[in-house]
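Asker: with the input below, show me the fold.
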Amino acid sequence: MAPTSGPVMSLEEVNAFLIRDFPQIAPGREFIVESVGPMRARLRLAASEKHLRPGGTISGPSMFALADVALYVAILAEVGPVALAVTTNLNINFLRRPAPGDLIAECRLLKLGKRLAVGEVSLYSPGDDEPVAHATGTYSIPPA
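Answerer: Now for the predicted structure:
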């Protein structure tokens, strides 16, 4: 799957794919896909009590999962419904304590090749301009 000049899947198509192939992260539950665009995706974690750690802040594993799903969605939108694209590396830096509540992921793909995609994700508390975490990741895209 070669890089495209823009998304090949619409927001509705991405959500339908996730509901069908990944019901555990299906939109409307925890991970809400708010938008997809050229080499980009924006997601929201609808945080609940289970996402909090002692001290009343969003847990690291919840932030990590949001970053991973955001990268996956951005890639899907560009290359189409490839269920077997997998994370090969994901690094996250926790920058500051997020407020309890939802988190926003802004994902940007830096490189999209035939076999690998590299991207970055910044996580924000809604209404705050300063990121609470920053992640970089690589996904392996299976051959067509």
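Asker: end to end, how far does stretch 119-128 reach?
Answerer: One end of stretch 119-128 sits 22 Å from the other (C-alpha to C-alpha, to the nearest Å).
Asker: which other residues reach that stretch?
Answerer: 63, 66-67, 70-71, 74-75, 98-99, 101-110, 130-137, 139 (C-beta atoms under 8 Å, 6 or more residues apart in numbering). (Glycine included, C-beta is placed from N, CA and C.)
Asker: repeat that for stretch 58-70.
Answerer: 25, 31, 41-43, 45, 47, 51-53, 87, 90, 92, 94, 98, 100-101, 103, 105-107, 121, 123, 132-133, 135, 137.
Asker: which of those count as buried?
Answerer: 25, 31, 41-43, 45, 47, 51, 90, 92, 98, 100-101, 103, 105-107, 121, 123, 132-133, 135, 137 (16 or more other C-beta atoms under 10 Å).
Asker: list the contacts of the worst-scoring helix or strand of the chain on mean pLDDT.
Answerer: Averaged element by element with mean pLDDT, DSSP states H and E, the chain has its least confident helix or strand at strand 52-53 (a mean of 80). Applying C-beta under 8 Å, 6+ apart, the external contacts of strand 52-53 come out as Ile58, Ser59, Gly60, Pro100.
Asker: any idea how far Pro23 is from the last one?
Answerer: Applying C-beta to C-beta, to the nearest Å, the value for Pro100 to Pro23 is 27 Å.
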